[in-house]
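# no sequence for this one, just the structure:
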Ligand code: C2O
Ligand code: CU
């Protein structure tokens, strides 16, 4: 794992260009928001000024990295037409709305072998699958467009408000596609969330953290060749926030809501503020928690999100850095070692400002079904590493096969599943279809910030976690995988199929 953990000085190992970039000189970009019910997002090449000097060529949603932030009210159907305008050699794409509750055909299924991807190096995919069996009929071919329909409903009600994101999910290529820039944020608002006295408007800031490595000409490197499990964790040398290297942002001396998302391939961050101020966590991957939790450090693995309220009133006229540090507690193993260095800077105005916002003691209760869950798993997902001629990641002894499902939960049922990591590397497991309630880690009750709904979970070496989920609305196949993107591409993905009851 190259440069695992990062250096103490974030730019010590950087290219001359990144070293030349003055920390905190760039402004924090805020991606433009799209709020209409019918949207069109071209997927195309674009250039961005990320480092001083040459611009960086990217693959983008809508011409920017991150792509536009889609922001929609829960319960209101949203149709997004993605148009694949990247060169034909890129092959097929598949867009997944991470955190959404959507039909299989709009869920960004990875698909199977195609003309432009005639073999899979890591996944054992049977030949001759029909387009339907392989999910190839759901892919987005070069030059084609596809309209994804998102109802933003779950179980007969508007979805809960949440900070989600969209990214590519193509078989074997999710990691390189996302590395090139295919990621954007998505915010679902709802009445409960909007009725709370929380900061909003320009005091509600989405932050996408991504690490990338650039060559001498400021172009993204291609770190994907020759990486073999278990050493296939790609870490970038430069950490970007909203696509900018160590940016700054002006804030007033009052409360802000920061929505933080980690889209790195492999890296984790242990977030804290340089002035030691608390971050009051109000939401996880799956939106508002039952009650806020005061935290001074927050571990954020790939694809995880947290929303925190930060009060800058105590730092009037000062600067505050959002930093990541080595972990002081918890299991510091491969896969959960964190970046050490600054991510961005807040410049706090010197004016005293009124602030009518506050963090309520109660936020959103857990859904009813979480009260009657079994603690006996009905299915186990076991992660191992194996293979005769080459090593691959395995779940229940298999690599990914789009035609295969390993579990068949019934529509309308609530299940309890166990995920058991039998490797020496930590993984970050993500399950599609719905939000999940973490019941235990090795039999112990999780900490308050995990004792709620989420969709992405650290699983440490040797650990067993118990998760409960409730399947409503959609039958069909959905994936479960590690969100360390190279692990996912290298076999660590399987499927469950929700069947009619
Ligand atoms: Cu964000 Cu299946 O992924
Ligand atoms: Cu993994």
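Yes, it's here. Note that the structure is predicted; figures quoted are calculated from it, not measured. Residues are numbered from 1 along each chain as shown. Ligands and ions are numbered 1, 2, ... in the order given.
# can we go C-alpha only for contacts and neighbour counts from here?
Will do.
# Alongside ligand 2, which residues does the stretch 401-501 of the chain contribute?
Counting by CA under 5 Å from the ion, the stretch 401-501 of the chain comes close to ligand 2 at 427, 482, 484, 487.
# Identify the bridge partners of the first one.
Think residue 427. Beta-bridge partners for residue 427, by DSSP bridges, are residue 459.
# Which secondary structure state does residue 468 sit in?
Assigned with DSSP: H, G, I helix; E, B strand; the rest coil, residue 468 falls in the strand class.
# Okay, it and residue 304: tell me how far apart.
18 Å (CA to CA, to the nearest Å).
# ok, those two, which is more surrounded?
Taking other CA atoms under 10 Å, residue 468 and residue 304 do not tie; residue 304 has more neighbours (24 against 21).
# Check which residues of the host helix or strand of residue 393 are buried.
Secondary structure from DSSP states H and E places residue 393 in strand 392-395. Within strand 392-395, the residues that count as buried by 16 or more other CA atoms under 10 Å are 392-395.
# Could you name the helices and strands sitting against that strand?
Contacts defined by 3 or more CA pairs under 8 Å, 6 or more residues apart in numbering; DSSP states H and E place strand 392-395 against strand 379-386, strand 493-498.
# Residues contacting the helix or strand following that strand, please?
Next along the chain after strand 392-395, taking DSSP H and E as the criterion, comes strand 414-421. With CA atoms under 8 Å, 6 or more residues apart in numbering as the test, strand 414-421 has contacts from 369, 373-384, 409, 427, 459-471.
# Map the structural domains onto the sequence of this structure.
What automatic domain parsing lists as the domains of the chain is 33-195, 201-352, 368-498.
# Same list (those) but as TSV, adding mean pLDDT and distance to residue 359.
Listed next are the domains of the chain as TSV, based on pLDDT from 0 to 100; distance: least, CA to CA, whole Å:
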stretch	mean pLDDT	distance to residue 359
domain 33-195	97	12
domain 201-352	96	8
domain 368-498	97	16
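# Between the ones you listed, which one is closest to residue 23.
Relative to residue 23, the nearest member of these by CA to CA is domain 201-352, separated by 5.6 Å.
# which residues does residue 159 contact?
Residue 159 neighbours (CA under 8 Å, 6+ apart): 74-75, 152-153, 188, 190.
# Out of those, the closest to residue 300 would be?
Nearest to residue 300 among these, counting by CA to CA, is residue 188 at 20.6 Å.
# what about the domains of the chain, which gets the closest to residue 362?
Closest to residue 362 of the domains of the chain is domain 201-352 (CA to CA; 4.8 Å).
# is ligand 2 contacted by the closest one?
No. Domain 201-352 lies apart from ligand 2 when judged by CA under 5 Å from the ion; the minimum separation is 7.5 Å.
# My guess is residue 88 contacts residue 142. True?
Yes. Using CA atoms under 8 Å, residue 88 is in contact with residue 142, at 5.2 Å.
# the more surrounded of those two?
The neighbour count for residue 88 versus residue 142, taken as other CA under 10 Å, is higher for residue 142 (18 against 12).
# Just to check, the more buried one is in contact with residue 94?
No. The pair residue 142 / residue 94 is not scored as a contact, 11.1 Å apart, by CA under 8 Å.
# Just give me the residue closest to the centre of the chain.
For the chain, the residue nearest the mean C-alpha position is residue 303 (2.1 Å; CA atoms, centre = their mean).
# This protein: helices as residue ranges?
For the chain, applying DSSP state H gives helices covering 16-20, 131-134, 174-179, 191-195, 485-489.
# Format those as TSV; extra columns: mean neighbour count and distance to residue 213.
Putting the helices of the chain into TSV (neighbours: other CA atoms under 10 Å; distance: least, CA to CA, whole Å) gives the following:
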stretch	mean neighbour count	distance to residue 213
helix 16-20	18	9
helix 131-134	16	33
helix 174-179	23	10
helix 191-195	12	37
helix 485-489	28	16
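# Now do the contacts for the residue of the chain found nearest ligand 2.
Closest residue of the chain to ligand 2, CA to the ion: residue 427 (3.7 Å). Counting by CA under 8 Å, 6+ apart, residue 427 touches 335, 421, 458-460, 482-484.
# Pick the one among the residues you listed closest to residue 329.
residue 460 (13.6 Å).
# What is the neighbour count of that closest one?
Residue 460 has 26 nearby residues by other CA under 10 Å.
# The one 10 residues further on now?
A count of neighbours around residue 470, defined by other CA under 10 Å, yields 22.
# pretty sure it is in contact with residue 369, am I right?
Yes. Assessed by CA under 8 Å, residue 470 is found in contact with residue 369 at 7.3 Å.
# ok so, going back, now intersect the contacts of residue 159 with the strands, please.
Among the contacts of residue 159, DSSP state E puts 153, 188 in strands.
# if I read this right, residue 44 contacts residue 59, doesn't it?
Yes. In this structure, residue 44 is within contact of residue 59 by CA under 8 Å, at 5.7 Å.
# quick one: common contacting residues for the two?
residue 86.
# More neighbours: these two, which one.
Using other CA under 10 Å, the more surrounded residue of residue 44 and residue 59 is residue 59, with 23 against 18.
# what are the bridge partners for the more buried one, then?
Here residue 59 sits in beta bridges with residue 45, going by DSSP bridges.
# OK, contacts around it?
43-46, 86, 177, 180-182.
# Repeat the analysis, applying 7 Å as the threshold.
44-46, 180-182 (CA atoms under 7 Å, 6 or more residues apart in numbering).
# do residue 482 as well
Going by CA under 7 Å, 6+ apart, residue 482 touches 427-430, 488, 492-493.
# how much space between it and residue 290?
Distance, residue 482 to residue 290, using CA to CA: 27 Å.
# now do residue 278
For residue 278, the distance to residue 290 (CA to CA) stands at 19 Å.
# Between these two, which has more neighbouring residues?
The neighbour comparison of residue 278 against residue 290 (other CA under 10 Å) goes to residue 290, with 20 against 17.
# State the distance spanning the first to the last residue of stretch 50-68.
Start-to-end, stretch 50-68 (CA to CA) is 17 Å.
# Could I get the buried residue list for it?
By neighbour count with 16+ other CA under 10 Å, stretch 50-68 contains the buried residues 50-51, 56-68.
# isn't residue 323 right next to residue 272, touching?
Yes. Counting by CA atoms under 7 Å, residue 323 touches residue 272, with 5.5 Å between them.
# Name the residues contacting each of those two.
Joint contacts of residue 323 and residue 272 (CA under 7 Å, 6+ apart) do not exist.
# that older thread, quickly check: the strand holding residue 393 near ligand 2 or not.
No. Judged by CA under 5 Å from the ion, strand 392-395 and ligand 2 are separated, with a smallest distance of 8.1 Å.
# Same list, the contacts of residue 59, but only the ones touching ligand 2.
Near ligand 2, judged by CA under 5 Å from the ion, there are no entries from these.
# For residue 34, give me its contacts.
Shown in contact with residue 34 (CA under 7 Å, 6+ apart): 68-71.
# if you set the cut-off to 10 Å instead, what comes out?
Taking CA atoms under 10 Å, 6 or more residues apart in numbering, we find residue 34 in contact with 40-41, 68-72, 186.
# returning to that earlier point: among the contacts of residue 159, which one sits closest to residue 349?
The closest of these to residue 349 turns out to be residue 188 (CA to CA; 29.9 Å).
# Identify the residues contacting the closest one.
70-76, 100, 152, 158-164, 287.
# ok, now residue 46?
Counting by CA under 10 Å, 6+ apart, residue 46 has contacts 55-65, 86, 181.
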